[in-house]
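Asker: got a sequence here, can you model it:
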Amino acid sequence: MKTAVLVAFDQFTDIDIFLAWDLLNRVRLRDKTFDVKIVGTAASHRSVCGIELPMQGSIEECNTADLVFFGSGPGTRSLIKDDAYLNRYHLDPERQIICSMCSGALIIAALGHLEGLSATTYPTAAEQLKSYGVTVHEDKHLVCHGNIGTAAGCLAAVDLVGWAVEKLYDRKVREDVITSVLPVGQGQVCIY
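Answerer: Residues are numbered from 1 along each chain as shown. Down below sits the predicted model:
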């Protein structure tokens, strides 16, 4: 069984979590052994737009998941300063796919997984990400190194999840999932 977890927190960006949730569950519809959960530190977390979202598990599940997806939002700014929060993670990019949308890259950097790498993030988080010694590509929507992927701009989640799905499965599964959400007549999938 393969597992994917999407990390939510108070003040997460709605589209980051919900778009990735939808895309990853399209994989689950193909592979009934694929499990997708939204995890956090509380029973529920409130989005930037005010949606109270019940969690399906704890962030400790990130430590054994095949795919860990960090959303973005104003909440990331306090989490990267919270040692108790960060110490709950024991991620391993050698065996796990670790990815982020926009300011979610700050969490990956705070965990030490972007050391010596380049990444992308939303422009409002670029300087803070640079403070971790990360080379920030402000002109790229997707930057991947091995099993670590970062994306910038909410709709870049389509390419980020596509990249992750291809790493977990194969190109065919990625193409099927991503093509299913493209506007009619735009059946072309981003080629990496």
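Asker: gap between the residue nearest the centre of the chain and V165?
Answerer: Nearest to the mean C-alpha position of the chain, counting by Cα atoms, centre = their mean, stands F69 at 2.8 Å. F69 sits 11 Å away from V165, taking Cβ to Cβ, to the nearest Å as the criterion. Any C-beta I mention is one placed from the backbone N, CA and C, and that applies to glycine too.
Asker: shared neighbours, the two?
Answerer: The overlap between the contact sets of F69 and V165 (Cβ atoms under 8 Å, 6 or more residues apart in numbering) consists of L24.
Asker: re earlier: where's the residue nearest to the centre of the chain, which helix or strand?
Answerer: strand 67-70 (DSSP states H and E).
Asker: state the pLDDT value of the closest residue to A156 other than its chain neighbours.
Answerer: Nearest non-adjacent residue to A156, counting by Cβ to Cβ, 6 or more residues apart in numbering: H141, 4.2 Å away. Here, the pLDDT recorded for H141 equals 97.
Asker: phi and psi next, for H141.
Answerer: Torsion angles at H141 (phi, psi; degrees, to the nearest 10) stand at phi -90, psi -10.
Asker: again with T121
Answerer: phi -160, psi 170.
Asker: is D16 in contact with L53, as I believe?
Answerer: No - with contacts counted by Cβ atoms under 8 Å, D16 stays clear of L53, the gap being 12.0 Å.
Asker: out of these two, which sits in the busier spot?
Answerer: Remark: of D16 and L53, D16 carries more neighbours, 28 against 17, as counted by other Cβ atoms under 10 Å.
Asker: buried ones in stretch 85-96?
Answerer: Across stretch 85-96, burial judged by 16 or more other Cβ atoms under 10 Å covers 85, 89, 91, 93, 96.
Asker: just send the residues you listed back as JSON lines, with pLDDT, secondary structure and distance to S180 too.
Answerer: Shown next, in JSON lines, are those (pLDDT from 0 to 100; DSSP: H, G, I helix; E, B strand; the rest coil; distance: Cβ to Cβ, whole Å):
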{"residue": "Y85", "pLDDT": "98", "secondary structure": "helix", "distance to S180": "35"}
{"residue": "Y89", "pLDDT": "98", "secondary structure": "coil", "distance to S180": "32"}
{"residue": "L91", "pLDDT": "98", "secondary structure": "coil", "distance to S180": "29"}
{"residue": "P93", "pLDDT": "98", "secondary structure": "coil", "distance to S180": "28"}
{"residue": "Q96", "pLDDT": "98", "secondary structure": "coil", "distance to S180": "25"}
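Asker: all helices for the protein, in order.
Answerer: With DSSP state H, the ranges of helices along the chain come out as 14-30, 76-79, 83-86, 104-110, 126-130, 157-168, 171-179.
Asker: just name the most buried of these.
Answerer: Highest mean neighbour count among these (mean count of other Cβ atoms under 10 Å): helix 104-110, with a mean of 26.
Asker: and it, what's its mean pLDDT?
Answerer: Mean per-residue pLDDT for helix 104-110: 98.
Asker: now do it: which elements does it pack against?
Answerer: strand 67-70, helix 76-79, strand 97-101, strand 118-119, helix 126-130, strand 148-151 (3 or more Cβ pairs under 8 Å, 6 or more residues apart in numbering; DSSP states H and E).
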